[in-house]
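Trainee: generate a structure from the sequence data that follows.
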Amino acid sequence: MKRIGVMHGMERSFPDALVERINEKKIGGIHAEILKIDKCIQGETSDYHVILDRISQDVPFYRAFLKNAGLTGTAVLNNPFWWSADEKFFNNCLAMRLGIPVPKTCLLPSNEWPTDTREESFRNLGMPLDWQGMFEYTGFPVYMKPHSGGGWKNVYQLDTADGFFQSHQTTGQLVMLLQEEIKFDSYFRVYCIGQNDIRIMEYEPRNPHHLRYVHNKFNADKKLLDTLRDYTFRLNEALGYDFNTVEFAVRDGIPYAIDFCNPAPDAELSSVGQENFDWVIESAAKMCIQRAQSHRENADNLTWGTYMKNATLGMASGQPVPTFKKADAISE
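Mentor: The predicted model follows:
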């Protein structure tokens with residue numbers, strides 16, 4: 001019996017509906033359930049052939065458990081090793097190499113020293129920082145937000161340098177991004193599941209959370225929709241995510257990838273609406289079943305993106321191998 005486990009936290013509708021949908025398909029030799037852990041011993045295989053992870057970003061114990069599971073043959077979706085290494089600033093840099101437009105962005109050291117550091121720990125950090133140079137690069141207005149993590153936590157919209165300095169004082173030990181604001185004409189959130197299934201959803205981030213998924217507001221043409229699909233495929237192929245969303249802000253016809261580090265995106269019925277919810281459940285069920293059917297015993301069943309695969313190929317061969325295929329970026 002191939003067992004599929006769903007690991008989740010506070011969300012309600014998605015996990016149970018996914019388990020129900022997988023089991024009602026009655027695929028021989030495949031069973032889904034909400035995952036349970038009663039012990040974790042080093043080097044021992046888990047009880048699951050496939051695990052869909054929706055919560056380890058918030059629970060370090062779960063992340064360590066999933067790494068052990070992946071190492072011993074479980075297909076963990078998403079890859080816990082890559083998820084641990086990924087963050088938004090790297091993603092932006094990679095998108096640029098892939099020829100995908102992104103907002104102008106700077107990385108900022110934390111306002112407060114990290115725990116167990118002191119002044120001598122920052123010998124390599126030029127002080128004062130070139131704030132004026134960064135402000136000239138991004139322009140105003142800007143967003144300041146954490147370089148890692150999800151949701152809309154600790155996000156600031158700022159119009160002046162004075163406003164920036166006041167807000168930065170409140171960010172503690174968070175490493176932040178200073179990012180150009182894209183004043184968009186339209187906005188889209190794009191699901192990518194199994195690196196094959198794409199769903200483009202109109203999205204209005206300025207609305208209250210339960211009203212953000214809108215319909216027929218932006219009237220996107222085929223060329224724009226094709227570009228959104230292409231960029232979403234490229235990003236997820238390079239990053240190696242099995243389950244992710246990409247957000248695009250469209251300005252003057254150019255889609256800018258705003259946020260594409262969402263390996264546990266909101267999939268609750270109350271948020272996404274019935275039609276989107278049904279699509280996510282069906283696509284996730286299909287992906288989990290396929291990964292269970294293709295599971296190989298005593299093998300690596302994780303998904304690795306082309307960025308990592310090409311890099312390791314170059315190390316193994318001793319020859320430089322391009323880690324990306326740069327496409328022509330849309331010019332303004």
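Trainee: okay, CA-based contacts and neighbour counts for the rest of this
Mentor: Will do.
Trainee: may I see the buried residues of the longest helix along the chain?
Mentor: For the chain, the helix that runs over the most residues, judged by DSSP state H, is helix 274-293. Neighbour counts over helix 274-293 (16 or more other Cα atoms under 10 Å) mark 276-278, 280-281, 283-289, 291-293 as buried.
Trainee: which stretches of the stretch 101-250 of the chain form strands?
Mentor: Assigned by DSSP state E, counting those that start in this stretch, the stretch 101-250 of the chain shows strands spanning 105-108, 142-146, 156-158, 176-180, 186-193, 197-202, 243-251.
Trainee: so can I have a markdown table of those strands showing distance to residue 267?
Mentor: Listed next are the strands of the stretch 101-250 of the chain as a markdown table, based on distance: least, Cα to Cα, whole Å:
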| stretch | distance to residue 267 |
| --- | --- |
| strand 105-108 | 28 |
| strand 142-146 | 22 |
| strand 156-158 | 25 |
| strand 176-180 | 26 |
| strand 186-193 | 10 |
| strand 197-202 | 12 |
| strand 243-251 | 10 |
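Trainee: mean neighbour count, mean pLDDT and distance to residue 64 for these - can I get that in TSV?
Mentor: Below are these laid out as TSV (neighbours: other Cα atoms under 10 Å; pLDDT from 0 to 100; distance: least, Cα to Cα, whole Å):
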stretch	mean neighbour count	mean pLDDT	distance to residue 64
strand 105-108	18	98	28
strand 142-146	23	96	23
strand 156-158	17	96	32
strand 176-180	23	97	26
strand 186-193	23	96	24
strand 197-202	19	96	29
strand 243-251	23	97	19
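Trainee: and residue 44, which of those is closest to it?
Mentor: Between residue 44 and those, the shortest gap by Cα to Cα is with strand 243-251, which sits at 25.9 Å.
Trainee: quick check: angle from the next helix or strand along the chain from the closest one to strand 186-193?
Mentor: Counting by DSSP states H and E, the next helix or strand C-terminal to strand 243-251 is strand 254-259. Orientation check (axes from the mean of the first three to the mean of the last three Cα atoms, to 10 degrees): strand 254-259 against strand 186-193 gives 60 degrees.
Trainee: circling back to that earlier point, now, among the buried residues of helix 274-293, which is nearest to residue 81?
Mentor: Checking those against residue 81 by Cα to Cα gives residue 291 as the nearest, at 18.1 Å.
Trainee: walk me through the domains of the protein.
Mentor: Under the assignment automatic domain parsing, the domains of the chain span 2-81+287-301, 87-102+182-262+304-332, 104-180.
Trainee: from residue 261, how far off is residue 190?
Mentor: Distance, residue 190 to residue 261, using Cα to Cα, to the nearest Å: 12 Å.
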